[in-house]
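Student: Structural data only, the sequence is not supplied:
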């Protein structure tokens, strides 16, 4: 009996042994160790930009100014953080000398930008190189820009664009301009005029006087013209302005017909806009050269704020056909529209992203205004801002940043321009000399 | 006279009973556990003092004057939904909050800036950028750290240096059984002098252009296909030729497969979940996706790296194995961020159990930014 029991236990152990062994071998490691990283940090990337070398005596001041503009561009994105010069271990004394990576690693500079500036008469030359410090190599090939000394800020922006592009993998937006409505005076007597400036608020110049109310300027795809709505004749009409010559002309001069909210098609030859007749507002297109018009919508509701997709095949617009203002998408030639916004609240001023994957909009909900983005089908709605009054988003040329108007509450409230990353980070005001509204970002120059 | 049996039993029983009564109480027995409660002993004075009513606090007849709370100069702003929509549904509907206070004072006329007569054309006079020639590859400013009596040139790029020194084994012509081939370990690059920052500029002589890698990598130890062993013509029925052929075939198959020679399966217990988590956390701390493009934030990359026994990544071994979800450009940016994370946080060596080095010598890290997009 006892022997039988022992034999039974032994056979059970033998039977279980393969199972145990197979279990342990399943956990055994074959090949390299594998781990998955899903959590990281979101921090500005530290970079160093020692003052560019002045290769000629006349270049000393410009070299320093160009360096500062580059640093302001990069740090202003919120994606990069400059390591102050006081922390640098080794300086750069020769543009073509090898970089001492160890010295830059020691201060945790993950990117390094070096450059040299020379001035010969009015001729300005800027050379620069970028380095991936922890990879011990260059960030692409060095570049050289040449131009006149008047364009030194643009050259600095171009250098910053190149560095930004090499680090992030997407194009920059620094060498661009913004046209906007400059506002002065109190709220009950506000004077508005068109103005243009660099994207960072420098070089402000005025394009119209304040004799007539102006609204909603929009750049052409090449940045050489601006469409806007003016009340010069007493009712809204669309004007087009040549930016280089500062010459303007009325695009729609039909008396008694209000036309507004214009925007260029991607080909630059067609304008889509809203036209109000007999109390009804619909969308139209107009050939700029011939003036030929085409009606796109035929609805008793208000259709306005149209914006083309980057390929010009579709138009997103705002309509209150469902009872409240919502966003709709239709073919660029008109026809049936599909609703894309379904959240609670009112949606308006949609703008198609230059990348084509998102729509920016203004949303009013629970007494607050938001700037937000959503997918083309209305999914993944993300509200980026919230304030008393935010409106009128405009995309940066690379589709990474949105500029908009924020107006503060009260009798002394004023409108200012703000920008925000499409992830909702780096919300900050844009420097303007006076109040400002209705920004429109140009393409890269 | 003899007693009866019953009487005897009775006497004996009673005797035992009397004896137990007389002596049983003296036998040691376990005392029952008594509950004990500790009490504090205090004196009557102390009790009286404790029982006394606590003396009332002294009342100040004239209270100190209260400081009025700070009042903000203006009541806080209340977010009120404006009555008019500021959208551009119609141009007239300009946003105007309802409680706009009338400001009777006329605004002072401000001098308007002059209109621009002309603006610089966007195609401003910046010429097409010129691509600069590449800088010479930064030379090894300092020679190899290792100082040896005889300087050794750095090996070729593809040659890696093993930590385990082994001698070359070549096929022995007279061997009966096939020998496993192996390359000799490449000698580590070395200099014959101690180089410091102080004398690194004194290197006038061109000889030591040694550009030894800062860290060494494990050699791939890919054996060359051996020459057919010069062995005697095998006898038809001997097993050796088959065995040799089998090894050769396996070797040839491994070479033909293009893959590296399989590393021997690591011995000993693998890393625990906790040890893997610690490594994961270490890398996560340096994985900065803040500067990545939105497309790169959708790209998952697999990055392989080999570590030295101190847990430091061998920079030259870091490479991208695969990527999903983005373009080649996005994958490049994602890979560079991953590489920076490995190098930066591994600079002082990842905290890994040294006895399990065989298990973490080679690591494949998958950097998946899906969760980071939401943050």
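Tutor: Perfect, I can see it now. Please read these numbers as outputs of a predicted model, since none were measured by experiment. Numbers count the residues shown, from 1 in each chain, chains lettered A, B, ... in the order given.

Student: helix or strand right after the one helix or strand residue A:68 maps to?
Tutor: Assigned by DSSP states H and E, residue A:68 belongs to helix A:60-76. Later in the chain than helix A:60-76, the nearest helix or strand by DSSP H and E is strand A:80-82.

Student: tell me what that next one is packed against?
Tutor: If contacts are counted by 3 or more CB pairs under 8 Å, 6 or more residues apart in numbering or on different chains; DSSP states H and E, strand A:80-82 sits against strand A:45-48, helix A:60-76. C-beta here means a position set from N, CA and C on the backbone, and glycine is covered the same way.

Student: most tightly surrounded among these?
Tutor: strand A:45-48 (a mean of 22; mean count of other CB atoms under 10 Å in any protein chain shown).

Student: Okay, buried residues for stretch A:317-326 please.
Tutor: In terms of neighbour count (16 or more other CB atoms under 10 Å in any protein chain shown), stretch A:317-326 has its buried residues at A:317, A:318, A:319, A:320, A:321, A:325, A:326.

Student: from these, which is closest to residue A:421?
Tutor: Proximity of the buried residues of stretch A:317-326 to residue A:421 was ranked by CB to CB; the top entry is residue A:318 with 24.3 Å.

Student: what pairs with the closest one across the strands?
Tutor: With DSSP bridges applied, residue A:318 shows beta-bridge pairing to residue A:304, residue A:327.

Student: and it, what is it in contact with?
Tutor: A:303-305, A:325-328, A:347-350, B:87, B:89 (CB atoms under 8 Å, 6 or more residues apart in numbering or on different chains).

Student: wait, does the helix holding residue A:68 contact chain B?
Tutor: No. Contact check for helix A:60-76 against chain B, using CB under 8 Å from any CB of the partner chain: none in range, with a minimum separation of 9.7 Å.

Student: now stretch A:92-100
Tutor: Yes. Applying CB under 8 Å from any CB, one finds stretch A:92-100 in contact with chain B at A:96, A:98, A:99, A:100.

Student: for the contacts of residue A:318, which one is nearest residue A:232?
Tutor: Proximity to residue A:232 was ranked across these by CB to CB; first place goes to residue A:304, at 20.5 Å.

Student: Count residues in the vicinity of the closest one, would you?
Tutor: In terms of burial, residue A:304 registers 27 neighbours under the definition other CB atoms under 10 Å in any protein chain shown.

Student: Help me confirm that it comes into contact with residue A:320.
Tutor: No. Counting by CB atoms under 8 Å, residue A:304 does not reach residue A:320; the two are 9.3 Å apart.

Student: Need phi/psi at the residue nearest to residue B:286 when sequence neighbours are not counted.
Tutor: Taking CB to CB, 6 or more residues apart in numbering or on different chains, and ignoring the residues beside it in sequence, residue B:286 has residue B:345 as its nearest neighbour in space, at 3.7 Å. Residue B:345 has phi and psi values of phi -80, psi -20 when expressed as degrees, to the nearest 10.

Student: Who are the contact partners of residue A:170?
Tutor: Residue A:170 neighbours (CB under 8 Å, 6+ apart): A:164, A:398, A:400, B:293, B:294, B:295.

Student: what about it, which SS state?
Tutor: In terms of secondary structure, residue A:170 is coil; the call rests on DSSP: H, G, I helix; E, B strand; the rest coil.

Student: re the thing from before, now flag whichever of the residues of stretch A:92-100 next to chain B is closest to chain B.
Tutor: The nearest member of those to chain B, counting by CB to the nearest CB, is residue A:98 at 3.7 Å.

Student: one step back: please tabulate the helices and strands packed on strand A:80-82 in JSON lines, including the columns mean pLDDT and distance to residue A:336.
Tutor: Supplementary listing: the helices and strands packed on strand A:80-82 in JSON lines, determined by pLDDT from 0 to 100; distance: least, CB to CB, whole Å:
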{"stretch": "strand A:45-48", "mean pLDDT": "95", "distance to residue A:336": "46"}
{"stretch": "helix A:60-76", "mean pLDDT": "96", "distance to residue A:336": "43"}
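
Student: Looking at the ones you listed, spot the one closest to residue A:433.
Tutor: Evaluated with CB to CB, the helices and strands packed on strand A:80-82 place helix A:60-76 nearest to residue A:433, the distance being 17.8 Å.

Student: elements contacting the closest one?
Tutor: Judged by 3+ CB pairs under 8 Å, 6+ apart, the packing partners of helix A:60-76 are strand A:53-54, strand A:80-82, strand A:111-120, helix A:152-168.

Student: And the first one, what does it pack against?
Tutor: Contacting strand A:53-54 under the criterion 3+ CB pairs under 8 Å, 6+ apart are the following elements: helix A:60-76, strand A:111-120.

Student: quick one: the helices in chain A?
Tutor: Secondary structure of chain A by DSSP state H: the helices cover A:2-27, A:60-76, A:101-106, A:152-168.

Student: The second one vs helix A:152-168, what angle?
Tutor: Taking axes from the mean of the first three to the mean of the last three CA atoms, to 10 degrees, one finds that helix A:60-76 is oriented at 40 degrees with respect to helix A:152-168.

Student: okay, residue B:15: pLDDT?
Tutor: We have a pLDDT of 84 for residue B:15.

Student: Quick check: which element contains it?
Tutor: Element membership for residue B:15, per DSSP H and E: helix B:5-23.

Student: Now for residue A:137: which residues touch it?
Tutor: Going by CB under 8 Å, 6+ apart, residue A:137 touches residue A:131.

Student: Now do the buried residues in stretch B:325-344.
Tutor: Using 16+ other CB under 10 Å as the test for burial, stretch B:325-344 gives B:325-326, B:330-344.

Student: show me the contacts for residue B:289.
Tutor: Taking CB under 8 Å, 6+ apart as the criterion, residue B:289 is in contact with A:40, A:41, A:42, B:296, B:297, B:337, B:369, B:372.

Student: any idea which of the residues you listed is closest to residue A:380?
Tutor: Within those, the smallest distance to residue A:380 is 13.5 Å, found for residue B:297 (CB to CB).

Student: and the closest one, which of the three is it?
Tutor: Of the three states, residue B:297 takes helix under three-state DSSP.

Student: Report the contact partners of residue B:324.
Tutor: Contacts for residue B:324 were tallied using CB under 8 Å, 6+ apart; they are B:299, B:300.

Student: Roughly how far does it sit from chain A?
Tutor: Using CB to the nearest CB, to the nearest Å, one gets 13 Å for the distance from residue B:324 to chain A.

Student: who's that residue bridged to?
Tutor: In this structure, residue B:324 has beta-bridge partners residue B:300, where bridges are defined by DSSP bridges.

Student: Output the helices and strands packed on strand A:80-82 in TSV; the columns should cover distance to residue A:85.
Tutor: Rendered in TSV, the data for those read as follows (distance: least, CB to CB, whole Å):
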stretch	distance to residue A:85
strand A:45-48	8
helix A:60-76	9
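
Student: Of all the ones you listed, which one is nearest residue A:245?
Tutor: Taking CB to CB as the criterion, residue A:245 comes closest to helix A:60-76 out of the helices and strands packed on strand A:80-82, the separation being 27.5 Å.

Student: just to revisit the earlier point, please report which of the residues of stretch A:92-100 next to chain B has the highest neighbour count.
Tutor: Within the residues of stretch A:92-100 next to chain B, most neighbours by other CB under 10 Å means residue A:99, with 19 neighbours.

Student: so residue A:77 makes contact with residue A:423?
Tutor: No. Shown here, residue A:77 and residue A:423 do not form a contact pair, counting by CB under 8 Å, at 11.7 Å.

Student: Looking at the two, which has the bigger crowd around it?
Tutor: When residue A:77 and residue A:423 are compared for neighbours, residue A:77 comes out ahead with 23 against 18, by other CB under 10 Å.

Student: which ones are touching residue A:408?
Tutor: For residue A:408, counting by CB under 8 Å, 6+ apart, the contacting residues are A:388, A:389, A:414, A:416.

Student: Could you give the bridge partners of residue A:277?
Tutor: Judged by DSSP bridges, the bridge partners of residue A:277 are residue A:280.

Student: ugh, wrong one, residue A:391
Tutor: Per DSSP bridges, residues listed as beta-bridge partners of residue A:391: residue A:405.

Student: repeat for residue A:369
Tutor: Under DSSP bridges, the beta-bridge partners of residue A:369 are residue A:364, residue A:387.
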